[in-house]
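In: Here is my input; please provide its structure:
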Amino acid sequence: MPIYEFYCPRCNTIYNFFSKTINTEKIPFCPDCGDIPLERQMSVFATLTIGSKEEENDVPPVDESKMEKAMEMLAREAENINEDDPRQAAKMMRRLAETAGLNLNTEMEEALSRMEQGEDPEKIEEEMGDVFSDEMPFSFDSKKTRSKNRRPRIDETLYDL
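Out: Numbers count the residues shown, from 1 in each chain. Next up, the predicted model:
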């Protein structure tokens, strides 16, 4: 008898739903908002953080199945990439982010746009700093991620699915 986690972007809350059977299709509505369909998410046993706890700069949970697919895609495409073509590298980075369900930060967006125009990555890095070696090339402030970069509230109630 599984327990499923769902996220409501409107109220920034994670809810747990109990099912008497394996049910991978049903999507419940938010218990608090009422009319908002929830987003199914992977259960996480640990939360990654950046910086100190005082900064509360938490990284939202990553969908592990999406990340696995993204890494498999990256491995396949990396074998066939022409390292002298910055357009191919930019395309691969965008597909990686898209497949993983992540958004690129402003600096990486600008760098990839310049690469897509055929600009030399070394020149871009010279002008923009270490944009390609940034440990966090992703942005967590879109509608697809947790609202206002705040850690979601966890509703302790176990609802029926």
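
In: CA atoms for contacts and neighbours, from now on please.
Out: OK.

In: For residue 19, give me its contacts.
Out: Residue 19 makes contact with 1-4, 160-161, according to Cα atoms under 8 Å, 6 or more residues apart in numbering.

In: Of all residues in this structure, which one is nearest the centre?
Out: Centroid-nearest residue in the chain: residue 102, 3.4 Å away (criterion: Cα atoms, centre = their mean).

In: before we move on, the earlier item: take the contacts of residue 19 and keep only those in strands.
Out: Within the contacts of residue 19, residues falling in strands by DSSP state E are 3-4, 160.

In: so can I have a markdown table of the residues you listed showing neighbour count, pLDDT and distance to residue 27?
Out: Listed next are these as a markdown table, based on neighbours: other Cα atoms under 10 Å; pLDDT from 0 to 100; distance: Cα to Cα, whole Å:
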| residue | neighbour count | pLDDT | distance to residue 27 |
| --- | --- | --- | --- |
| 3 | 17 | 83 | 13 |
| 4 | 21 | 85 | 10 |
| 160 | 12 | 88 | 12 |
